[in-house]
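Novice: Provided below for reference: sequence and predicted model.
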Amino acid sequence: MIQTDFLVIGSGIAGLTYAVKMAQHNPDATITVLTKASTESETNTKYAQGGIAVVNNASDTFEAHIADTLIAGDGLCNPETVNIVVTEGPAAVNDIIDWGTNFDKSDDGDYLRGKEGGHSESRILHYKDITGYEIERALLAKAATLTNIIFLNHYFVIDIITQHHLGYLITKATRDTECYGVYALNMRSGKVEKLLSRMTLLASGGAGQVYRSTTNPTIATGDGIAMVYRAKGRVENMEFMQFHPTALFEVGVSPSFLITEAVRGDGGILRNVKGEAFMERYDSRKDLAPRDIVARAIDNEMKISGTDHVFLDCSHMDRERFLEHFPNIYDKCRSKGIDPFKDYIPVAPAAHYTCGGVKVDNYGRTSIDRLYACGECSSTGLHGANRLASNSLLEAIVFANRCYLDTLSRYERYNIRTDIPDWNAEGTTEPKEMILITQSRKELQAIMSDYVGIVRNNIRLERASRRIDLLHEETEALFDKTIISPQLGELRNLITCAYLVVKGAQLRRESRGLNYNTDYPHHSPRVENIIL
Ligand code: FAD
Ligand code: SIN
């Protein structure tokens, strides 16, 4: 058993920001950060390219950033949350700069600002095309200077501990569910351990891996979202899975390599297989329309031509500027035999960002007491039906700060609860065939990509639902008799997230933002969040 004052699940931008703030303020407290990967840096954060959207120059205004966010969100953003994130954003960005994050500057010392889809201003701070790598590096370096932060990597969190584990009946109507910590599989020893805390922060990231083609690394299996749902907490708006329009198209390669939207912000043009620039036929903002519109346009062009990709044309772009701003993308293209100044880059949409997630209030409190959530696993109300590009890193740091402040005001009333039973592995044996797990994961990803992609309809959703039910049944039976492994835990969580996406899409009888259903092509007059 491990006891800690504050338990943080996840070592991406959200978890690290909270941990650093808490450790600085509370030098006598222990903050334990858990991550399932073998290194703390393996997160979605590390792969962020474009940057972080923030108002930080005189020609930009909070009003403009707020308006852009609301427009992208297609009527479903919570305006109060949007206001909070945009106006508290500059201070939160200054914190990570103070901790050592570098953003590109011009010779006169001012920040360089990129532009992405849906933004009316150039306001994206970036570090070349590896912004996330730089942020993760700086936050880990900062955390390493704080001796009261303890990192435990290769710990796979299985479930959050609530009164359910003490034998009480918890239903979705229970109002006073509390989180006492987590059960986690120590992947080195193979033992399930109890980690008990006064307060727990869930910062476990998104669920892009429910799809076959995704920009998300393999860790993005929606574990935290599924855990909260299992614990009868609230999850909302999971139908809004964002597809990034331009992932590098490569047959059979997963995760897909991203070609940042900033390339289109700098002049890159989408062309169909006939070489036609097509975006002007879909939206007056052309290649810089919000992501849902561009991804749907590409999907349509691929259907018309019967191909599985379109092209991004960068051949006319300034070479020197491109090499300076996008060196990683240039190297990747060259490694695949593509010269961006001569060849069109083949691209296709790929699942990218989970807009819904664990429902939280404006201080990151979930519906389960003593449990906060921030970052991609949470649903704050900022993104509505479609996230504005580069708003997620900003949301993560603003909400990590709000979770930290709220934790400070409340944690003293809670003690660590120690009467928690050990993990019950009775009746389970070693898995005999891993194929039962790996094949189900592939099947699930195929079902989601083929039936619950960018364009949906009722028949496909119904088919997906029936097939996911079967996978659920088979996997739960396997879980009951098999010793837990990360692969089995992730499969369960992916199935739960897929169920939540499909259920949300079925309940939402309208097309809004990222949920486009040809059986209901218009907005419903009732604007509502779907809470499961
Ligand atoms: P993550 O960074 O994903 O961290 C999740 C952590 O939780 C990891 O440490 C993981 O190991 C841990 N974890 C998960 N499950 C468990 C478990 N069961 N047990 C233990 N640990 C667990 N956003 C922008 O704003 N701008 C961009 O330019 C941008 N570019 C992107 C490019 C790519 C290719 C991708 C994939 C995303 C991009 N995003 C961008 C989105 C953004 O990167 C993510 O939303 C953000 O980094 C999520 O941060 P996080 O801290 O919430 O989660
Ligand atoms: C990108 O760089 O295009 C990704 C930005 C984001 O996902 O916000």
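Specialist: Received, thanks. Ligands and ions are numbered 1, 2, ... in the order given.

Novice: ligand 2 contacts on this structure?
Specialist: Within reach of ligand 2 by C-beta under 6 Å from any ligand atom, the chain has these residues: 49, 50, 116, 260, 261, 262, 353, 389, 390, 392. C-beta here means a position set from N, CA and C on the backbone, and glycine is covered the same way.

Novice: from those residues, which are also near ligand 1?
Specialist: Contacts with ligand 1 within the residues of the chain next to ligand 2, as defined by C-beta under 6 Å from any ligand atom: 49, 50, 353, 390, 392.

Novice: what residues does the stretch 151-300 of the chain have near ligand 1?
Specialist: Going by C-beta under 6 Å from any ligand atom, the residues of the stretch 151-300 of the chain near ligand 1 are 155, 156, 157, 203, 204, 205, 215, 216, 219, 223, 258.

Novice: circling back: show me the residues of the chain next to ligand 2 that map onto helices.
Specialist: 261, 262, 392 (DSSP state H).

Novice: filter those residues down to the buried ones and hand me the ChimeraX line.
Specialist: Selection of buried members from these for ChimeraX, criterion 16 or more other C-beta atoms under 10 Å:
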select :261,262,392
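
Novice: what's the closest of the ones in helices among the residues of the chain next to ligand 2 to ligand 2?
Specialist: residue 261 (3.3 Å; C-beta to the nearest ligand atom).

Novice: what does the pLDDT read for the closest one?
Specialist: At residue 261, the predicted lDDT confidence score is 92.

Novice: and residue 242, its phi and psi?
Specialist: phi -90, psi 130 (degrees, to the nearest 10).

Novice: one more: residue 493?
Specialist: phi -70, psi -40.

Novice: that one touches residue 228, doesn't it?
Specialist: No - if you go by C-beta atoms under 8 Å, residue 493 and residue 228 don't touch, sitting 10.7 Å apart.

Novice: who has more neighbours out of these two?
Specialist: Neighbours of residue 493 and residue 228, each counted by other C-beta atoms under 10 Å, are more numerous for residue 228; the result is 28 against 24.

Novice: doesn't the more buried one fall inside a helix?
Specialist: Yes - checked against DSSP: H, G, I helix; E, B strand; the rest coil, residue 228 lies within a helix.

Novice: so how far is ligand 1 from it?
Specialist: Distance, residue 228 to ligand 1, using C-beta to the nearest ligand atom, to the nearest Å: 12 Å.

Novice: which pLDDT value goes with that residue?
Specialist: Residue 228 is given a pLDDT of 98.

Novice: check the gap between the residue of the stretch 201-350 of the chain found nearest ligand 1 and residue 520 for me.
Specialist: Residue of the stretch 201-350 of the chain nearest ligand 1, by C-beta to the nearest ligand atom: residue 205 (2.7 Å). Distance, residue 205 to residue 520, by C-beta to C-beta, to the nearest Å: 30 Å.

Novice: cool, residue 6 as well?
Specialist: Distance from residue 6 to residue 520, by C-beta to C-beta: 44 Å.

Novice: higher neighbour count, these two?
Specialist: Each of residue 6 and residue 520 has its neighbours counted (other C-beta under 10 Å); residue 6 has more, 25 against 17.

Novice: ramachandran coordinates for that one?
Specialist: phi -130, psi 130.

Novice: wait, it sits on residue 408?
Specialist: No - using C-beta under 8 Å, residue 6 is not in contact with residue 408, being 10.3 Å away.

Novice: which residues are in contact with the closest residue to ligand 2 within the stretch 401-532 of the chain?
Specialist: Closest to ligand 2 within the stretch 401-532 of the chain is residue 514: 13.0 Å, counting by C-beta to the nearest ligand atom. Contact analysis of residue 514 by C-beta atoms under 8 Å, 6 or more residues apart in numbering lists 239, 240, 241, 242, 243, 292, 355, 385, 386.

Novice: tabulate the residues you listed (CSV), appending distance to residue 343, neighbour count and pLDDT.
Specialist: Shown next, in CSV, are these (distance: C-beta to C-beta, whole Å; neighbours: other C-beta atoms under 10 Å; pLDDT from 0 to 100):
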residue, distance to residue 343, neighbour count, pLDDT
239, 37, 26, 98
240, 34, 30, 98
241, 30, 28, 97
242, 28, 26, 97
243, 24, 26, 96
292, 28, 26, 88
355, 33, 26, 98
385, 35, 27, 97
386, 31, 26, 95
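
Novice: nearest to ligand 2, of those?
Specialist: Closest to ligand 2, out of all of the contacts of residue 514 and judged by C-beta to the nearest ligand atom, is residue 242, at 7.7 Å.

Novice: nearest residue to that closest one other than its sequence neighbours?
Specialist: residue 353 (4.0 Å; C-beta to C-beta, 6 or more residues apart in numbering).

Novice: if you skip the residues just before and after it, what's nearest to residue 490?
Specialist: Spatial nearest neighbour of residue 490, excluding adjacent residues (C-beta to C-beta, 6+ apart): residue 221 at 4.3 Å.

Novice: quick one: the strands in the stretch 401-532 of the chain?
Specialist: 455-456, 516-517 (DSSP state E, counting those that start in this stretch).

Novice: using CSV, please lay out the ones you listed together with mean pLDDT, mean neighbour count and distance to residue 273.
Specialist: Below are the strands of the stretch 401-532 of the chain laid out as CSV (pLDDT from 0 to 100; neighbours: other C-beta atoms under 10 Å; distance: least, C-beta to C-beta, whole Å):
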stretch, mean pLDDT, mean neighbour count, distance to residue 273
strand 455-456, 95, 20, 19
strand 516-517, 96, 20, 23
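
Novice: so for ligand 1, which of those strands sits nearest?
Specialist: Closest approach to ligand 1 among the strands of the stretch 401-532 of the chain is made by strand 516-517 (21.4 Å; C-beta to the nearest ligand atom).
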